[in-house]
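Colleague: What would the 3D arrangement of this be:
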Amino acid sequence: MKRQCFNGLYFTRDDKTGYYLNSTIRERMHRYVWEFHNGKIPVGYEIHHKDHDVANNNIDNLELLPAREHRKYHSKIQGIKNVENGHLDRIRDMTKEWHASEKGLEWHRKHYERTKNKLHAKRNFVCEFCKNEFEAEITGNNRFCSNKCKSAWRRMSGVDDEERECPICGRYFTVNKYSKTRTCSRVCGAKLRQG
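Modeller: Next comes the predicted model:
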């Protein structure tokens, strides 16, 4: 049984998580050490071990992070580890098999039923180009009422413009990057066609 002591309290290592806990005060050591030095941990924040060693509860190794940022960071680190150690390659075939099984399909059906109202929720938006109001499913990218308005906005804003050099006169001109136009004018275009 591994133990660490701080401020007269003993913390025992939890073999499942690796964290050190004190069952009397029902607190993890890294949280207790942080609060001893800095006061109460604000709601929505967590304590991060900078060197990723949960046994290193020295105050210099502890850092206060917003919970969302902390979890996102560890999720990214775990993803990198899974790729590096080949874990994803080992389970990929098993997950495909499970998702295609009757049990997996049933899980997907139940999950869809629980979330379909949120997935297909609709709301009113105002088109950034024509300024008309429109109703659409919330996708996080509801800027335009139609592809026609989206294309018109892109043309007007110049977001897709690029500079090209005319092969006939050498002048630079601005044109939409999807345009096949090669020359700066009709005169140069006629010369190019004549060869």
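
Colleague: how far is stretch 123-142 from where the chain is centred?
Modeller: Put simply, stretch 123-142 sits 23 Å off its chain's centre (CA atoms, centre = their mean, to the nearest Å).

Colleague: Need the residues that contact that stretch.
Modeller: When contacts are defined by CB atoms under 8 Å, 6 or more residues apart in numbering, stretch 123-142 is touched by residues His120, Ala121, Lys122, Arg143, Phe144, Cys145, Ser146, Cys149, Lys150, Ala152, Trp153, Met156. C-betas here are computed from N, CA, C, even on glycine.

Colleague: Can you add neighbour count and give those back as JSON lines?
Modeller: JSON lines is the format used below for the contacts of stretch 123-142 (neighbours: other CB atoms under 10 Å):
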{"residue": "His120", "neighbour count": "9"}
{"residue": "Ala121", "neighbour count": "9"}
{"residue": "Lys122", "neighbour count": "10"}
{"residue": "Arg143", "neighbour count": "13"}
{"residue": "Phe144", "neighbour count": "21"}
{"residue": "Cys145", "neighbour count": "20"}
{"residue": "Ser146", "neighbour count": "13"}
{"residue": "Cys149", "neighbour count": "18"}
{"residue": "Lys150", "neighbour count": "16"}
{"residue": "Ala152", "neighbour count": "14"}
{"residue": "Trp153", "neighbour count": "16"}
{"residue": "Met156", "neighbour count": "9"}
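
Colleague: taking the residues you listed one by one, which sit in helices?
Modeller: With DSSP state H as the criterion, helices contain Cys149, Lys150, Ala152, Trp153, Met156 from among the contacts of stretch 123-142.

Colleague: show me the contacts for the second one.
Modeller: In other words, Lys150. Contacts of Lys150 by CB under 8 Å, 6+ apart are Phe129, Arg143, Phe144.

Colleague: Model confidence at it, what's the number?
Modeller: If you check Lys150, the pLDDT there is 94.

Colleague: Would you check how far apart it and Ser157 are?
Modeller: Distance, Lys150 to Ser157, by CB to CB, to the nearest Å: 11 Å.

Colleague: Now do the residue nearest the centre of the chain, the pLDDT please.
Modeller: Against the mean C-alpha coordinate of the chain, by CA atoms, centre = their mean, the closest residue is Lys72 at 8.5 Å. We have a pLDDT of 92 for Lys72.
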